[in-house]
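**Q** sequence first, predicted coordinates after that:
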Amino acid sequence: MKLVLDFLSDLAKNNNKSWFDENRQRYEIARTEFSLFVDQLIPAIKSIDNRIGDISSKQCMFRIYRDVRFSKDKRPYKTNFGAFVSNIGRKSRYAGYYLHIEPEKSMLGGGLYMPQPDILKAVREEILDNATEYKSIIYDSTFKKLFGEVWGDKLKMAPRGFPKDNPDIDLVKQKSFTALHSLTNNQVLESAFFDYILNVFREIYKINEFINRVIDNI
């Protein structure tokens, strides 16, 4: 991953089209390295989660080009490489597994990010109906050590149509249900990085499975 980190570090300092065009070959080399890594990762994730289909890195990786049409930030390129591995790749509505490589900001993640209203409502209902099971996942000592908590923007009040007096109502105020684990540059460069990712994803599988059972029935 050194080539990837080195390229992205330089890109962050030179985020403009002329520099990118001059360094396109470096970009292609770094992107290929990341793509091959993701291609190796997919079958390993599939051994953890049998919902993962026969997909490739191409279906999972995000473009490096930013959409600046409605943004005040006009920098044209992202300063990370990212891939979301789910049943059909990055466009899936299912919870999945996220790899994000960025100098000093790399991370592993998973869960459900900004789902459609019908999925969000169903997941919230499932959490309240099976709060004991859900809490056994998110309050587990290993989960808390790796992720701290479930991340996502939160409502100030109970979601519309949900009982305000439910003792577990705070669990469903979130708009996303994601687990995030930060990585250092040294961790990314370690020879055991691949195995480290899988150990983290095995924990993410538990919340993904809870969520994906719900989506299966929508």
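**A** Arrived safely, thanks for sending. Numbering: from 1, shown residues only.

**Q** where do the helices sit along this protein?
**A** In the chain, the segments counted as helices under DSSP state H are 2-13, 17-22, 24-48, 57-60, 117-129, 131-138, 141-147, 185-189, 193-216.

**Q** list the buried residues in the second one.
**A** Meaning helix 17-22. For helix 17-22, a neighbour-count test (16 or more other CB atoms under 10 Å) marks Phe20 as buried. Placement of C-beta: from N, CA and C, glycine included.

**Q** contacts for that helix, please.
**A** Applying CB atoms under 8 Å, 6 or more residues apart in numbering, the contact partners of helix 17-22 are 11, 14, 27, 76-77.

**Q** which of these count as buried?
**A** Buried by 16+ other CB under 10 Å: 11, 27, 77, out of the contacts of helix 17-22.

**Q** tabulate the residues you listed (TSV), appending pLDDT.
**A** Formatted as TSV, those follow (pLDDT from 0 to 100):
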residue	pLDDT
Leu11	98
Tyr27	98
Tyr77	97
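
**Q** closest to Arg69 among the residues you listed?
**A** Lowest distance from Arg69 to the buried ones among the contacts of helix 17-22 (CB to CB) belongs to Tyr77, with 15.0 Å.

**Q** check the residue sitting nearest the centre point of the chain and give its pLDDT.
**A** The central residue of the chain, meaning the one whose C-alpha is nearest the mean C-alpha position (CA atoms, centre = their mean), is Tyr98 at 3.1 Å. The pLDDT attached to Tyr98 in the predicted structure is 98.

**Q** my read is that it contacts Ala83, right?
**A** Yes: if you go by CB atoms under 8 Å, Tyr98 and Ala83 touch, sitting 7.3 Å apart.

**Q** assess the claim that Leu128 and Asn166 are in contact.
**A** Yes: taking CB under 8 Å as the definition, Leu128 is a contact partner of Asn166 at 6.0 Å.

**Q** of the two, who's got more company?
**A** A count of neighbours by other CB atoms under 10 Å puts Leu128 above the other of Leu128 and Asn166, at 16 against 13.

**Q** my guess is Thr208 meets Gly96, correct?
**A** Rather than Thr, residue 208 is Asn. Yes: the pair Asn208 / Gly96 is scored as a contact, 6.8 Å apart, by CB under 8 Å.

**Q** give the residues shared as contacts by the two.
**A** Common neighbours of Asn208 and Gly96, using CB under 8 Å, 6+ apart, are Gly110.

**Q** distance of the residue located most distally from the centre of the chain from Leu128?
**A** In the chain, the residue that sits farthest from the middle, by CA atoms, centre = their mean, is Asp165; the gap is 32.0 Å. When distances are taken as CB to CB, to the nearest Å, Asp165 and Leu128 turn out to be 12 Å apart.

**Q** ok, now Phe62?
**A** The separation that Phe62 has from Leu128, given CB to CB, amounts to 33 Å.

**Q** repeat for Lys144
**A** Distance from Lys144 to Leu128, counting by CB to CB: 21 Å.

**Q** could you do Glu22 as well?
**A** 55 Å.

**Q** also Val38?
**A** Using CB to CB, which is the criterion applied here, Val38 is 36 Å from Leu128.

**Q** the closest residue to Ile48 other than its chain neighbours: neighbour count?
**A** Spatial nearest neighbour of Ile48, chain neighbours left out: Tyr205 (5.3 Å); criterion: CB to CB, 6 or more residues apart in numbering. Around Tyr205 sit 18 other residues, with neighbours defined as other CB under 10 Å.
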